[in-house]
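Peer 1: need a structure here:
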Amino acid sequence: MSPENLKPQLLGCASETLIIANDNKFYNLTAVGQSIYMKFLIMGCGSIGERHLRNLMAVTSGSSIDIFDVQQERLMDVSKKYGANPVKESAIDSPYDCVLICTPPISHVPLTARALAAGSNVLVEKPLSSSLRGADKLLSLAKRKKLLAFVAYNFRFNQGINLVKKMLQEDRYGKVVHVSSYFGQYLPDWRPWQDYKKGYTANKSLGGGIIHDGSHEIDYLVWIFGRPTHIQSQFARTEILSADTEAIADILLKFRQALAYVHLDFVRREYRRSLEVLCENGIIYWSLAEDVVKTFDASTKKWDVIKLNENVNDMYVAEIKHVVECIQAKKKSEIISLENGLSTLSLSDAVNRSGRIGKRLSV
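Peer 2: Presented below is the predicted three-dimensional model:
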């Protein structure tokens, strides 16, 4: 099959995107009807909260969107910029069609619990929490209230990641031998408009650290290969930045098919996010920064390059569309469910434990 035939459809507000869910079925996420009226509350107006606000306005125009942030100046700035309705923190105790939790990880579980208790469906940003403590109780609460809860692992909607998954399911290059996943970016460059020292990633008290904040890599590997059987890790802080959390982590994951190596850091001066899968008859490589999937065929000794033409925001738009569609259909997500978020959190917790005690762990 040629690279052109494998190339995913481009994603826009009025197009479709191909997603391969946990049941290995292919899902086409279609555009949400623009006339649909829903009530949303966004808790937290930082970079991800503002991104969700923009995307909700584009995907569900005409809906009501309330916003809250503990920083009054930021709340009013975002309200003025987008015309969203600023509310008090207590608004979370009123029912909405969906509450989006975009606050530091340390507050995710209590805020999610409050939203569910009030009768709202919830999209909570990753990681679900900074620890497993109390997180599992959200499952029973959501079930009892007959509500939907999602954990925002948006790379499950990334076209490049889904293309790699599709190639592996089609067994294009034979048995998987080894997997390498890499994420590195200098922390002050993540959100250059704010002081990184005040952000949650650099602060243990806010639930930060590269292991939890960089859990996308572990999550999308589970999305592709299933849950690993063993984990081993090492991590370290850095002296070049003011942070009391781990800044660098090297992780080994033993999957049924192959061994995987994951590197995470917030010290790399040039952004890199990539995945390489070594197969018996070739190589599959994805790079977010390069916006490509490359394949090497051992029989021809040649590389093919598939240009994705994907905007980074595309996967966030697809994620929001998916959440809205699930809420409308009252159907549990097969892609970013609360159960999935809990599973990834348990793996991140195991990475932390392995590094602390210096042992390989069964998971």
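
Peer 1: What separation is there between the most centrally placed residue in the chain and Glu89?
Peer 2: Nearest to the mean C-alpha position of the chain, counting by C-alpha atoms, centre = their mean, stands Tyr153 at 2.2 Å. Separation of Tyr153 from Glu89 (C-beta to C-beta, to the nearest Å): 26 Å. To be clear about C-beta, it is placed using only N, CA and C from the backbone, and glycine gets the same treatment.

Peer 1: where along the stretch 151-300 of the chain do the strands fall?
Peer 2: Taking DSSP state E, counting those that start in this stretch to define them, one finds strands in the stretch 151-300 of the chain at 176-184, 230-236, 248-254, 259-265, 272-279, 282-287, 292-297.

Peer 1: For the closest residue to the residue nearest to the centre of the chain other than its chain neighbours, give me its contacts.
Peer 2: Distances taken as C-beta to C-beta, 6 or more residues apart in numbering put Asp219 closest to Tyr153, at 4.6 Å, once the chain neighbours are dropped. Residues counted as contacts of Asp219 (C-beta atoms under 8 Å, 6 or more residues apart in numbering) are 126, 153, 155-156, 340, 344.

Peer 1: try 10 Å this time
Peer 2: Asp219 is in contact with 126-127, 151, 153-156, 336, 340-341, 343-345, 347-348, counting by C-beta atoms under 10 Å, 6 or more residues apart in numbering.

Peer 1: got it, and Arg191?
Peer 2: 46-48, 199, 201.

Peer 1: Would you quantify the distance from the residue nearest to the centre of the chain to Val351?
Peer 2: 16 Å.

Peer 1: One more: Ala247?
Peer 2: From Ala247 to Val351 the distance is 14 Å (C-beta to C-beta).

Peer 1: before we move on, what about Gln257?
Peer 2: 20 Å.

Peer 1: Compare these two (neighbour count), which wins?
Peer 2: Using other C-beta atoms under 10 Å as the criterion, Gln257 and Val351 rank with Val351 on top: 30 against 16.

Peer 1: what's around Ile240, how many residues?
Peer 2: Neighbours of Ile240 (other C-beta under 10 Å): 9.

Peer 1: To clarify, my last question referred to Asn311.
Peer 2: Quick note: Asn311 (other C-beta under 10 Å) scores 14 neighbours.

Peer 1: Would you mind finding the longest helix in the protein?
Peer 2: Ordering each helix of the chain by length in residues (DSSP state H) puts helix 338-357 first.

Peer 1: List the first helix or strand encountered after that one toward the C-terminus.
Peer 2: Toward the C-terminal end, the helix or strand that comes next after helix 338-357 (DSSP states H and E) is strand 361-362.

Peer 1: partners of that following strand in the sheet?
Peer 2: Applying DSSP bridges, strand 361-362 is found paired with strand 230-236 (antiparallel).

Peer 1: for the strand it pairs with, which positions count as buried?
Peer 2: 231-233, 235 (16 or more other C-beta atoms under 10 Å).

Peer 1: ok, back up a step: which of the contacts of Asp219 sits closest to Gly208?
Peer 2: Closest approach between these and Gly208, by C-beta to C-beta: Pro127, at 9.9 Å.

Peer 1: The closest one in helix, strand or coil?
Peer 2: Secondary structure for Pro127, judged by DSSP: H, G, I helix; E, B strand; the rest coil, is coil.

Peer 1: Ramachandran coordinates for it?
Peer 2: phi -70, psi 160 (degrees, to the nearest 10).

Peer 1: my guess is it meets Ile210, correct?
Peer 2: No - taking C-beta atoms under 10 Å as the definition, Pro127 is not a contact partner of Ile210, at 11.4 Å.

Peer 1: Thr344 reaches His216, doesn't it?
Peer 2: Yes - with contacts counted by C-beta under 10 Å, Thr344 reaches His216, the gap being 9.0 Å.

Peer 1: who's more crowded, these two?
Peer 2: Between Thr344 and His216, Thr344 has the larger neighbour count (other C-beta under 10 Å), namely 25 against 22.

Peer 1: Leaving out chain neighbours, which residue sits closest to the more buried one?
Peer 2: Thr344's closest residue in space is Asp219 (C-beta to C-beta, 6+ apart), at 4.5 Å.

Peer 1: so how far is His108 from the one you found?
Peer 2: Using C-beta to C-beta, one gets 15 Å for the distance from Asp219 to His108.

Peer 1: in this protein, which ranges drop under the pLDDT threshold?
Peer 2: Low-confidence segments of the chain, defined by pLDDT under 70: 1-35.

Peer 1: What are the structural domain limits within it?
Peer 2: 3-154+316-336, 159-310+345-362 (automatic domain parsing).

Peer 1: start to end distance for stretch 264-272?
Peer 2: 10 Å (C-alpha to C-alpha, to the nearest Å).

Peer 1: do stretch 201-218 as well
Peer 2: In stretch 201-218, first residue to last residue: 17 Å (C-alpha to C-alpha).

Peer 1: Also stretch 219-234?
Peer 2: One end of stretch 219-234 sits 18 Å from the other (C-alpha to C-alpha).

Peer 1: wait, what's in contact with the nearest residue to Val312 once chain neighbours are set aside?
Peer 2: In space, Val312 comes closest to Leu288 once its chain neighbours are excluded; the distance is 7.4 Å by C-beta to C-beta, 6+ apart. Neighbour list for Leu288: 155, 158, 160-161, 183, 271-275, 308, 310, 312, 315 [criterion: C-beta under 10 Å, 6+ apart].

Peer 1: ok, so of these, who is nearest Gln71?
Peer 2: Closest to Gln71, out of all of the contacts of Leu288 and judged by C-beta to C-beta, is Val312, at 25.2 Å.

Peer 1: Next, the contact list for that closest one, please.
Peer 2: With C-beta under 10 Å, 6+ apart, Val312 has these contacts: 51, 154, 158, 288-289, 291.
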